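Enquirer: Sequence first, then the predicted structure:
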Amino acid sequence: MNELERWRELGQQLRVDAIRCSAAAGSGHPTSAMSAADLMAVLLAKHLRYDFAAPDDPHNDHLVFSKGHASPLLYAMFVAAGVVSDEELLSYRKSGSRLQGHPTPALPWVDVATGSLGQGLPIGVGIALAGKRLDQLPYRVWVLCGDSEMAEGSMWEAVEHAAFYQLDRLTAIVDVNRLGQSGETMHGWDLESYAARFRAFGWHAITIDGHDVAAVDRAYAEAGATTGTPTAIIARTIKGKGVAEVADKNGFHGKPLEHADQAIAELGGVRDIRVTVTPPDRSGTARRFEARGTLQLPRYDVGGKEATRKAYGDALKALGTARGDVVALDGEVSNSTYSQEFRDAVPDRYFEMYIAEQQMVAAAVGMQVRGWRPFASTFAAFLSRAYDFVRMAAISRANVRLVGSHAGVSIGEDGPSQMALEDIAAFRAVHDSTVLYPSDANQTARLVAEMADREGIVYLRTTREKTPVIYGPEDSFRIGGSRVVRSSGEDQVTLVAAGVTLHEAIAAADRLARDGIAARVIDLYSIKPIDVETLRRAARDTGRVVTVEDHWPEGGLGDAVLDALGGAAERPTVVKLAVRTMPGSATPAEQLTAAGIDAAHIADAARALIASTPVEHASDGEGTTVAAVTGASGGR
């Protein structure tokens, strides 16, 4: 058997195994796998450089299945490579199996979770950026894309950034099988329409018959020889290739083949070809993790004022100077987020992602695949555009630090389009996430340092306006903790706040003190994980809690406190102050007043609570009384 015949046979084996595992599962996407089988057979047998026994080897190539629903094909490749047994293959999609419906890093040879279309190529850009600019190693990044997902805007963000950064070791393999889930794709088999778009962005584009293994081989070789620009291989394929019952027919997407045995026979039966994958070139050494000195965090004088966004930039610069593994990305607002401080100090580890938040988060995910510690920043409101990438990053068990500035109504005159009022709720909902909201500059610097080694998705919310510095530079702040700012043995109410509203809560406590009312003030800078013990102690001591947040009432700080208090033996009455009406343009002080979250409204709410005269009452379902107080300002 010559080389071409062996590749054809391997392609048939991949098809058969995709059918077999999907039939055993009773679900899956075998026809989507079958179209790309020849493309992947040639890649596995000749062009991929990978040591399956050492998946963490920095010299390995990276293969990303952007069309993650074609997972039966990927798992069939692992069988051919000898790292997944036939028995495990047939456990596909079953409880406890590593071979899940879409790929995840439960398998050591899978870098990231895919399956939400439009994400694999953007993440591949991040991995390729790490190879070119950070690791400085010649590994290649291969991304198998579906033609349907080319309708996603995130794919074209990736295409543009890859060309801009001249990622010539990135190859996108577009499986143009014409059929999507419910019908024909936007461009069908018009390969030139795809090629023209790639070329317009500055890519080298090659069109081929994706079932001609010799043409596939030549295309991969051409991609390998292309310098200065990434390559797109646009391959015409047939969905369900090789089985007459389903080939190029609509209505079979996401379904196992009804007559699997007949289909396997039509493809020539079960095979047992094993591929010895070419090992990577280990001649280079990864450039990374060099220590540059002791971390010297910025220091701010108590009694002064500084914006937490500025403290973030200062602290990030200090981290980047001291640690060689920290990298920074920004969405073209670095002079507002202050990541420019890092950029100016460590330009070789700063990456401008422009106004492309999806690509920014994806690039951060790709870089952390290689062990780098990315911090990605933009306005908090704009991170919502990349929320699906954050959700998928959590499935990937990615370690990514995201920073959202200009949060809440306190940004002032810019108005509601720029105000993140749902970000705390969104990030609290991400699996195993961390949500931090510092109130002063020294606290921010300490938390930024803590973030560097924190696993999972870590979100830091920063404030546009300068706020008073109330903590000393030597104070420590552990993730999962809080800080009791005011307390006494006579406290009648607890005020819980974070960020800009903490300072309003302190001012409210001063107002209450003038009336002879002692108020405990808790700085809940760690909203997730939350300091349950301190909150429950305060609730037990005072019996009344007012939460105040520059955020919508749903899912934010107030709800986090209610969750923490829900299982307490003694449950207090809780008043939630939050932004309840759509803001407009106004000064920061006017915004806080209009939202009912300034010091005067906090003090009024505490007095009303103490007098037990809330306007409305409701239950949170676990026995804690929740009061929503409405005032003349328009609601709070």
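Expert: Right, received. Where do you want to start?
Enquirer: quick one: low-confidence parts of the stretch 201-350 of the chain?
Expert: 288-292 (pLDDT under 70).
Enquirer: rerun at 80
Expert: Across the stretch 201-350 of the chain, the stretches falling below the confidence threshold (pLDDT under 80) are 284, 286-293.
Enquirer: next SSE after the longest helix belonging to the chain?
Expert: If you go by DSSP state H, the chain has its longest helix at helix 3-25. Going down the chain from helix 3-25, the next helix or strand is helix 30-35, by DSSP states H and E.
Enquirer: tell me what that next one is packed against?
Expert: helix 3-25, helix 71-80 (3 or more CB pairs under 8 Å, 6 or more residues apart in numbering; DSSP states H and E). (Each C-beta comes from the backbone N, C-alpha and C, glycine too.)
Enquirer: Just want the most central residue of the protein.
Expert: Val390 (2.4 Å; CA atoms, centre = their mean).
Enquirer: My guess is that one contacts Val430. True?
Expert: Yes: look at Val390 against Val430 with CB atoms under 8 Å: they come within range, at 5.9 Å.
Enquirer: residues shared between the contacts of these two?
Expert: Ile457 (CB atoms under 8 Å, 6 or more residues apart in numbering).
Enquirer: what about Leu63, which helix or strand?
Expert: Here Leu63 is assigned to strand 62-65, by DSSP H and E.
Enquirer: Go ahead and measure how far that strand is from the middle of the chain.
Expert: From the chain centre to the centre of strand 62-65 is a distance of 18 Å (CA atoms, centre = their mean, to the nearest Å).
Enquirer: What is that strand packed up against?
Expert: On a contact count with 3+ CB pairs under 8 Å, 6+ apart, strand 62-65 meets helix 71-80, helix 120-129, strand 141-146.
Enquirer: Neighbouring strands of the last one in the sheet, and parallel or not?
Expert: Strand 141-146 has its sheet partners listed here by DSSP bridges as strand 62-65 (parallel), strand 170-176 (parallel).
Enquirer: Identify whichever of these lies nearest to Ala221.
Expert: Closest approach to Ala221 among those (CB to CB): strand 170-176, 11.1 Å.
Enquirer: And the very next helix or strand once past the closest one, what's buried?
Expert: Using DSSP H and E, the helix or strand that follows strand 170-176 towards the C-terminus is helix 191-200. Neighbour-count burial for helix 191-200, counted by 16 or more other CB atoms under 10 Å, picks out 191, 194-195, 197-198.
Enquirer: contact partners of the helix or strand just after helix 191-200?
Expert: Downstream of helix 191-200, the first helix or strand assigned by DSSP H and E is strand 204-209. Contact with strand 204-209 is made by 191-192, 194-196, 198-199, 215-216, 218-219, 222-223, 226, 229-236, as judged by CB under 8 Å, 6+ apart.
Enquirer: I'd like to check the angle between strand 204-209 and strand 170-176, please.
Expert: 30 degrees (axes from the mean of the first three to the mean of the last three CA atoms, to 10 degrees).
Enquirer: Dump the C-alpha coordinates for strand 204-209 into CSV.
Expert: Extracted in CSV, the C-alpha atoms of strand 204-209 (Å, rounded to 0.1, in the frame of the first residue of the first chain):
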residue,chain,number,x,y,z
HIS,A,204,-3.0,33.2,1.8
ALA,A,205,-5.9,31.1,0.6
ILE,A,206,-5.9,27.7,-1.1
THR,A,207,-9.0,26.0,-2.6
ILE,A,208,-9.0,22.2,-2.9
ASP,A,209,-11.1,19.1,-3.2
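Enquirer: Now the helix or strand following that strand - C-alpha only, CSV.
Expert: Counting by DSSP H and E, the element after strand 204-209 in chain order, helix or strand, is helix 213-225. Taking Å, rounded to 0.1, in the frame of the first residue of the first chain, the C-alpha atoms of helix 213-225 are listed here in CSV:
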residue,chain,number,x,y,z
VAL,A,213,-5.6,13.3,-0.4
ALA,A,214,-2.8,14.3,-2.7
ALA,A,215,-4.2,17.8,-3.0
VAL,A,216,-4.7,18.0,0.7
ASP,A,217,-1.0,17.0,1.2
ARG,A,218,0.1,19.7,-1.3
ALA,A,219,-2.0,22.4,0.5
TYR,A,220,-0.5,21.6,3.9
ALA,A,221,3.0,21.7,2.4
GLU,A,222,2.2,25.1,0.8
ALA,A,223,0.8,26.4,4.1
GLY,A,224,4.1,25.3,5.8
ALA,A,225,6.1,27.1,3.2
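Enquirer: Tell me where the stretch 501-636 of the chain has helices.
Expert: Residue ranges of the helices in the stretch 501-636 of the chain, as given by DSSP state H, counting those that start in this stretch, are 532-542, 557-565, 588-595, 599-610.
Enquirer: So which of those is nearest Leu63?
Expert: Closest among the helices of the stretch 501-636 of the chain, using CB to CB: helix 557-565, at 39.8 Å.
Enquirer: now the closest one, how far from the centre of its chain.
Expert: 24 Å.
Enquirer: follow-up on the earlier one: return the most buried member of the strands paired with strand 141-146.
Expert: strand 170-176 (a mean of 29; mean count of other CB atoms under 10 Å).
Enquirer: Direction-wise, compare that strand with helix 191-200 and give the angle.
Expert: Going by the same axes, to 10 degrees, strand 170-176 makes 160 degrees with helix 191-200.
Enquirer: mean confidence score for strand 170-176?
Expert: Per-region confidence: strand 170-176 scores 98 on mean pLDDT.
Enquirer: hmm, who's touching that strand?
Expert: With CB under 8 Å, 6+ apart, strand 170-176 has contacts from 35-36, 39, 43, 67, 70, 121, 124-125, 128, 140-147, 150, 159, 162, 185, 187, 189, 191, 194, 198, 203, 210, 220, 223, 230-237.
Enquirer: Specify the angle between that strand and helix 71-80 in degrees.
Expert: Using the same axes, to 10 degrees, strand 170-176 lies at 120 degrees relative to helix 71-80.
Enquirer: can you state the direction angle for strand 170-176 and helix 120-129?
Expert: Using the same axes, to 10 degrees: strand 170-176 against helix 120-129 is 160 degrees.
Enquirer: Check the offset of strand 170-176 from the chain's centre.
Expert: For strand 170-176, the distance to the chain centre is 23 Å (CA atoms, centre = their mean).
Enquirer: Kindly export it (C-alpha atoms) in PDB.
Expert: This file holds the C-alpha atoms of strand 170-176, laid out as PDB (Å, rounded to 0.1, in the frame of the first residue of the first chain):
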ATOM      1  CA  LEU A 170      -1.600  29.400  11.800                       C
ATOM      2  CA  THR A 171      -3.600  27.300   9.300                       C
ATOM      3  CA  ALA A 172      -7.400  27.400   9.200                       C
ATOM      4  CA  ILE A 173      -8.800  24.300   7.500                       C
ATOM      5  CA  VAL A 174     -12.400  25.200   6.400                       C
ATOM      6  CA  ASP A 175     -14.500  22.100   5.800                       C
ATOM      7  CA  VAL A 176     -17.000  23.300   3.200                       C
END
